[in-house]
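Undergrad: next comes the sequence, and after it the predicted model I'd like to discuss.
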There are 2 protein chains.
Amino acid sequence: MNNTRFAIAIHILTLLDHSGKERLSSKYLAGSINANAAMVRKELSNLNAHGLVESKAGKYGGSSLAKPADAIKLSDVYRAVRQTPALGSKRDHPNPHCPVGKEINDHLSDLYQETEDILMSRLGERTLAEFSRQFA
Amino acid sequence: MNNTRFAIAIHILTLLDHSGKERLSSKYLAGSINANAAMVRKELSNLNAHGLVESKAGKYGGSSLAKPADAIKLSDVYRAVRQTPALGSKRDHPNPHCPVGKEINDHLSDLYQETEDILMSRLGERTLAEFSRQFA
DNA sequence: ATAACTGTAACATTAACTATTACAATTAAT
DNA sequence: ATTAATTGTAATAGTTAATGTTACAGTTAT
């Protein structure tokens, strides 16, 4: 993950937690994050698909958490935004005639998987509530 | 890390381990990886700077491991190629007038750091030798 | 002298990420 | 009903990062 999606998602969720039941607009969220409102809506849409936020259209619409912050694990957030493994991507088409090239991607897959498991298990021990309550 | 540098580095090191004392050329390595020789040399140069490989110029030159494979931890490899934290980058300039925006990057830094520590500690338990001996 | 290398720079290409604009659909208030 | 504020999403553009290529000076064994 070389992008900022995790950072944006955590930022959104922290703001929503701090706002309680009150819905926040994508424009407001974007203002705090310093990002474009349409991008924020895209991420909200993704977080919604993962059951982390709820949104309402129309005047006085906006988004709020879909469940209590202590029920949102940071691993849920990671799972929602993750695209490639933490250790990176694999190469396409290593040489199938080389004993190492032939097998490398299988062994890398195993290693990547283990690494993701470790990461998920650590992030599974932390909640949004914990993260969020650090703020002044 | 959304790139393939970890995969390339591991591939290189595995090949060098398998070749024992015999030096391998960047051209040969590139052939197994299916990458450009100049790119492979760039990574070799980086791995050399991190004390993992040794290279020799000139005819019959090439690269070999700088130390035994069981003395090379996968965390050494990760450290050598890592550019951004596993969880991604942070946003530039979140809103300093927002209580959340003002602090978010500090708290994200802490979280990212912890996550890197976990990763490093797990990868520190595994060696190149272990990885390398999986191959047929 | 020659051939096979490394190391590195400069440049080109491609892919990923981020940002912008636009607009139909929704909703609450008046 | 009309208006205003909002979501959701598509299309597109711009920017940055990753990958690939070419070139060549310098090194070393034969």
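TA: Everything's here; your move. Residues are numbered from 1 along each chain as shown, chains lettered A, B, ... in the order given.
Undergrad: is the lengthiest helix in chain A in proximity to chain B?
TA: The longest helix of chain A (DSSP state H) is helix A:99-123. Yes: using C-beta under 8 Å from any C-beta of the partner chain, helix A:99-123 reaches chain B at A:99-101, A:103-104, A:107-108, A:111, A:114-115, A:118-119, A:122-123. For the C-beta atoms, the positions are set from N, CA and C on the backbone; glycine is no exception.
Undergrad: next, the angle helix B:99-123 makes with that helix.
TA: Put simply, helix A:99-123 runs at 130 degrees to helix B:99-123, going by axes from the mean of the first three to the mean of the last three C-alpha atoms, to 10 degrees.
Undergrad: on that earlier part again, and the residues of helix A:99-123 next to chain B, which is closest to residue A:61?
TA: residue A:123 (30.6 Å; C-beta to C-beta).
Undergrad: can you get me a residue count around that closest one?
TA: 22 (other C-beta atoms under 10 Å in any protein chain shown).
Undergrad: equivalent analysis for residue A:61, please.
TA: Neighbour number of residue A:61 under other C-beta under 10 Å is 11.
Undergrad: mind checking how far the nearest residue to it once chain neighbours are set aside is from residue A:127?
TA: Nearest residue to residue A:61 in three dimensions, chain neighbours excluded: residue A:23, at 6.6 Å (C-beta to C-beta, 6 or more residues apart in numbering or on different chains). Distance, residue A:23 to residue A:127, using C-beta to C-beta, to the nearest Å: 22 Å.
Undergrad: who's more crowded, these two?
TA: residue A:127 (20 against 17).
Undergrad: what are the bridge partners for that one, then?
TA: residue A:73 (DSSP bridges).
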